[in-house]
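[1] Quick one, structure for this:
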Amino acid sequence: MIDDLKKSLFDIRSDQMDAEAIHESIVSGVRLKGATLIILFCAIIVASVGLNTNSTAVIIGAMLISPLMNPIITVGYSIATYDGILLRNAMIKFAIQIAIAVVGSTIYFSLTPIHEPTSELIARTGPSFFDMLIAFFGGSAGIIGITRKEKSNVIPGVAIATALMPPMCTVGYGIANGNIDFIFSAAYLFAINAFFIIVATFAFCKLLQLKQADVVKARYNKIIKRVIVIGVILITIPAAVTAVYVSATSIQEKHIYSSVESFVNNEVNSASTTTMRATIDPNKKYIRLDLIGDMYTEKEIDKIRQTMEAYGFDDYYLEVVQDIKTTLFHYFENVNSGGITESEIVIE
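    Modelled structure (predicted):
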């Protein structure tokens with residue numbers, strides 16, 4: 001009974017289209033002429049404007065109308081079905097689309113009067129291990145959705161999740177502004193998304209047992225498996241290292257924020273003196289506190305320094321800057337009545 005239940009719940013072949021219909025559906029999406037070419041151009045401009053103006057809604061719109069995912073899925077499908085001609089055509093069309101996206105976005109960012117990097121642009125320069133998970137499972141959902149008899153909103157959702165057009169336009173921004181970091185980081189993010197969508201498409205096409213080419217040699221299977229394994233390793237290692245580094249840095253900064261907050265609120269702030277700003281430099285082992293209100297004596301400051309060890313700052317140098325302007329203190333009294341907050345702690 002349990003086996004029957006599993007089959008009924010996870011059976012993805014019951015509502016699957018026939019092989020010919022799937023093939024036609026996938027192949028039709030790789031054609032690059034007429035409407036598809038115009039839509040690609042529109043997606044490039046929309047994505048570039050959204051990144052340039054820091055508009056999330058506009059960027060999402062560009063993801064939805066972008067045709068970049070079609071050749072990527074076709075590449076995975078052609079590899080799984082050993083269709084060399086289709087693979088070649090898909091790769092050529094994919095390369096052309098990438099070139100058009102980079103050139104178009106570079107021209108836009110060269111002409112726009114806004115050259116400062118927005119948060120949306122910066123967000124496309126931090127690829128990580130999590131982007132691999134998004135691309136793989138997004139690609140899995142995409143190929144499953146394409147092969148269904150009844151179409152759903154899966155493909156638009158996958159287009160938003162995997163975000164193919166924004167990284168390419170970010171590469172164009174980097175080229176237009178001579179920023180190498182933007183170029184390589186965004187290109188790497190795009191490579192992650194594209195590669196793992198291909199891997200997911202390949203895996204599920206095999207799982208769905210789609211029709212393969214008539215002549216399939218055993219050595220082709222070995223070559224494909226080796227290429228996939230090598231590709232996964234080469235792409236995964238940098239992203240995994242980045243994810244570990246970012247996680248470790250985030251945890252360390254959170255710990256420093258918490259320790260400074262506890263130290264200041266417990267040992268420094270009082271009914272008549274409060275900390276307006278705390279600046280910490282972990283590399284130089286330095287903490288600066290800007291105080292307002294009644295001034296502490298040198299003896300009281302030495303006493304505060306003695307408590308630093310309990311908060312993990314025993315090897316830090318503490319500088320205290322005091323201001324006895326009582327009017328300023330009264331002004332900030334209500335604001336800081338709850339003690340120092342994370343926004344008032346600066347890590348240099």
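[2] avg pLDDT for the one helix or strand residue 195 maps to?
    Take DSSP states H and E as the rule and residue 195 turns out to sit in helix 180-207. Taken as a whole, helix 180-207 carries a mean pLDDT of 87.
[3] What residues sit buried inside it?
    182-183, 185-205 (16 or more other CB atoms under 10 Å). Any C-beta I mention is one placed from the backbone N, CA and C, and that applies to glycine too.
[4] For the most far-flung residue of the chain relative to its centre, give me the pLDDT.
    Of all residues in the chain, residue 299 sits farthest from the chain's C-alpha centroid, using CA atoms, centre = their mean; the distance is 50.3 Å. You'll see residue 299 listed with a pLDDT of 89.
[5] just checking, next helix/strand downstream of the helix holding residue 195?
    helix 218-263.
[6] which strands and helices sit next to the helix holding residue 195?
    The contact analysis (3 or more CB pairs under 8 Å, 6 or more residues apart in numbering; DSSP states H and E) places helix 180-207 against helix 69-80, helix 129-146, helix 165-176, helix 218-263.
[7] Could I get those helices in TSV, plus columns for mean pLDDT?
    What follows is the helices and strands packed on helix 180-207, written out as TSV (pLDDT from 0 to 100):
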stretch	mean pLDDT
helix 69-80	86
helix 129-146	84
helix 165-176	92
helix 218-263	75
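[8] Find the residue at the geometric middle of this protein.
    Using CA atoms, centre = their mean, the most central residue of the chain is residue 127, at 5.2 Å.
[9] and that one, which of the three is it?
    coil (DSSP: H, G, I helix; E, B strand; the rest coil).
[10] Quick check: closest non-adjacent residue to it.
    Leaving aside its sequence neighbours, residue 127 sits nearest to residue 189 (CB to CB, 6 or more residues apart in numbering; 4.0 Å).
[11] do the same with residue 71
    That would be residue 94: by CB to CB, 6+ apart, it lies 3.9 Å from residue 71.
[12] for the one you found, what are its contacts?
    Residue 94 is in contact with 68, 71, 72, 75, counting by CB atoms under 8 Å, 6 or more residues apart in numbering.
[13] If you count neighbours, what's buried in stretch 78-94?
    Residues of stretch 78-94 classed as buried by neighbour count (16+ other CB under 10 Å): 78, 79, 80, 81, 82, 83, 86, 87, 89, 90, 93, 94.
[14] Same check on stretch 281-291?
    For stretch 281-291, by 16+ other CB under 10 Å, it's 287, 288, 289, 291.
[15] The stretch 1-150 of the chain: helices as residue ranges?
    In the stretch 1-150 of the chain, the helices defined using DSSP state H, counting those that start in this stretch lie at 2-10, 19-28, 35-53, 56-65, 69-80, 84-111, 119-123, 129-146.
[16] Generate CSV for these, with distance to residue 163 as supplementary columns.
    Putting these into CSV (distance: least, CB to CB, whole Å) gives the following:
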stretch, distance to residue 163
helix 2-10, 28
helix 19-28, 21
helix 35-53, 9
helix 56-65, 6
helix 69-80, 10
helix 84-111, 13
helix 119-123, 9
helix 129-146, 8
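[17] Of those helices, give the one that comes closest to residue 176.
    In terms of CB to CB, the element of these nearest to residue 176 is helix 84-111, at 3.7 Å.
[18] Figure out how far that closest one is from the centre of its chain.
    22 Å (CA atoms, centre = their mean, to the nearest Å).
[19] For stretch 307-316, output the C-alpha coordinates as CSV.
    Taking only C-alpha atoms (Å, rounded to 0.1, in the frame of the first residue of the first chain), the coordinates of stretch 307-316 have been written out as CSV:
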residue,chain,number,x,y,z
THR,A,307,35.8,44.8,32.1
MET,A,308,36.7,44.4,28.4
GLU,A,309,38.2,41.0,28.9
ALA,A,310,34.9,39.5,29.9
TYR,A,311,33.5,40.5,26.5
GLY,A,312,36.4,39.1,24.5
PHE,A,313,38.1,42.5,24.0
ASP,A,314,41.1,42.0,26.4
ASP,A,315,43.7,42.7,23.6
TYR,A,316,41.8,45.7,22.2
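[20] Please tell me how far the residue nearest to residue 71 sits from residue 30.
    Plainly put, residue 94 is 8 Å away from residue 30 if you go by CB to CB, to the nearest Å.
[21] joint contacts of these two?
    Contacts common to residue 94 and residue 30, judged by CB under 8 Å, 6+ apart, are residue 71.
[22] can you count the residues close to residue 267?
    Counted with other CB atoms under 10 Å, the neighbours of residue 267 add up to 16.
[23] Return the residues in contact with it.
    Applying CB under 8 Å, 6+ apart to residue 267 gives the contacts 304, 307, 311.
[24] For residue 206, which non-adjacent residue is spatially closest?
    residue 80 is the one closest to residue 206 (CB to CB, 6+ apart), at 5.4 Å.
[25] wouldn't the one you found be in contact with residue 207 here?
    No - assessed by CB atoms under 8 Å, residue 80 is found out of contact with residue 207, at 9.4 Å.
[26] picking up where we left off before, could you dump the buried residues of stretch 78-94 into JSON lines and include distance to residue 316?
    Below are the buried residues of stretch 78-94 laid out as JSON lines (distance: CB to CB, whole Å):
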{"residue": "78", "distance to residue 316": "60"}
{"residue": "79", "distance to residue 316": "56"}
{"residue": "80", "distance to residue 316": "58"}
{"residue": "81", "distance to residue 316": "63"}
{"residue": "82", "distance to residue 316": "63"}
{"residue": "83", "distance to residue 316": "64"}
{"residue": "86", "distance to residue 316": "63"}
{"residue": "87", "distance to residue 316": "59"}
{"residue": "89", "distance to residue 316": "63"}
{"residue": "90", "distance to residue 316": "58"}
{"residue": "93", "distance to residue 316": "58"}
{"residue": "94", "distance to residue 316": "53"}
